[in-house]
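A.B. asks: Predicted structure and sequence below. I'll ask about it afterward.
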Amino acid sequence: MASIYLPKSTSELIQLGQKIVDRHKRLNAEDIEHGALINLNIEELNRKLIEIAPKFDELVKLREIAEQLNDYIKITCGTHGSNRKITPGTVRFIIAQVRDVLKGIHREDPKMLIEWGFDVIEKE
């Protein structure tokens with residue numbers, strides 16, 4: 001016996017629902033499939049799909065915008081990708097410069113950098 005699974009992703013479930021509605025609309029009253037589905041509320045399925053379609057489209061667009069913003073922020077901060085290199089002009093680069101200057105100033109007491117917000121771990 002065949003197993004027929006329902007999609008787990010929202011977009012695939014919406015697509016399947018739309019295919020069902022479209023197929024149902026193409027059937028005529030004499031079709032066996034139409035008769036078997038007559039007590040199921042395909043019109044309710046269609047109404048729900050119509051209701052959520054613009055919201056789902058908006059969600060997809062917002063995710064794209066969020067990804068673009070996240071990439072921009074990571075590039076500006078210098079935390080994009082797995083590159084450990086500190087890229088000039090990034091937030092990380094400037095903070096590293098501040099750290100290095102302060103380490104030079106407070107060579108005798110590096111714990112002073114705590115006041116600037118840095119985590120200072122002393123090695124023994």
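C.D. replies: In hand now; what should we look at?

A.B. asks: continuing past the helix or strand bottoming out on mean pLDDT in the chain, what's the next helix or strand?
C.D. replies: Least confident helix or strand of the chain, by mean pLDDT, DSSP states H and E, is helix 32-37 with a mean of 74. Using DSSP states H and E, the next helix or strand after helix 32-37 towards the C-terminus is helix 42-77.

A.B. asks: What is the helix or strand just after that following helix packed up against?
C.D. replies: Sequence order places helix 91-105 as the next helix or strand after helix 42-77, per DSSP H and E. If contacts are counted by 3 or more CB pairs under 8 Å, 6 or more residues apart in numbering; DSSP states H and E, helix 91-105 sits against helix 42-77. C-beta here means a position set from N, CA and C on the backbone, and glycine is covered the same way.

A.B. asks: so what's residue 120 up against?
C.D. replies: By CB atoms under 8 Å, 6 or more residues apart in numbering, the residues touching residue 120 are 110-111, 113-114.

A.B. asks: Among those residues, which one sits closest to residue 78?
C.D. replies: Nearest to residue 78, judged by CB to CB, of those is residue 113 at 19.5 Å.

A.B. asks: In this structure that closest one contacts residue 100, no?
C.D. replies: No - in this structure, residue 113 is not within contact of residue 100 by CB atoms under 8 Å, at 10.6 Å.

A.B. asks: Pick out whichever of these two has more residues nearby.
C.D. replies: Taking neighbours as other CB atoms under 10 Å, residue 113 and residue 100 compare with residue 113 leading, 17 against 10.

A.B. asks: what about the more buried one, which SS state?
C.D. replies: helix (DSSP: H, G, I helix; E, B strand; the rest coil).

A.B. asks: Grab the most central residue of this protein for me.
C.D. replies: Nearest residue to the geometric centre of the chain (CA atoms, centre = their mean): residue 63, 5.6 Å.
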